[in-house]
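**Q** all I have is the shape, not the residue letters:
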């Protein structure tokens, strides 16, 4: 069974940085994609970025391009989301998810519990 577990959330001032980690287990030989999503208070969940575990292809939502970087450590089956130049509007619960389809605009099959990221003024 595929499982993903997030870590690394917290409180940071605007302009600061945080790195989230997603530890995945149970991945088979299929080409899995790991995606990061977020849900801000009062808003719908949105895709942030994703990465193909096999070939490293990445995709970013427009609002985070140039500020967030997604990367993978295949040996550790861990995906990272480096978030720089954080803004208050980045405050949300961030979720890691796994799926066999690349992209961030479709439902994923496997989800983590989420980690809170709060950006203060």
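**A** Now that the structure is in, tell me what you want to look at. Given the structure is predicted, the values throughout are model-derived calculations rather than measurements. Numbers count the residues shown, from 1 in each chain.
**Q** can you pull the contacts of the spatially closest residue to residue 34 that is not a sequence neighbour?
**A** Excluding its sequence neighbours, the residue lying closest to residue 34 (CB to CB, 6 or more residues apart in numbering) is residue 79, at 4.2 Å. For the C-beta atoms, the positions are set from N, CA and C on the backbone; glycine is no exception. Going by CB atoms under 8 Å, 6 or more residues apart in numbering, residue 79 touches 21, 22, 24, 34, 36, 51, 53, 70, 71, 72, 73, 96.
**Q** look at residue 79 and report its pLDDT.
**A** Looking at residue 79, its pLDDT reads 97.
**Q** residue 29 too?
**A** 69.
**Q** check contacts around residue 31.
**A** Shown in contact with residue 31 (CB under 8 Å, 6+ apart): 52, 53, 54, 55, 100.
**Q** can you verify my assumption that the second one contacts residue 30?
**A** Think residue 53. No: using CB atoms under 8 Å, residue 53 makes no contact with residue 30, being 9.3 Å away.
**Q** between these two, which is the more surrounded one?
**A** Between residue 53 and residue 30, counted using other CB atoms under 10 Å, residue 53 has the larger neighbour count: 18 against 11.
**Q** ok, and the closest non-adjacent residue to the more buried one?
**A** Nearest in space to residue 53, with sequence neighbours left out and distances taken as CB to CB, 6+ apart, is residue 32 at 4.8 Å.
**Q** good, wrapping up.
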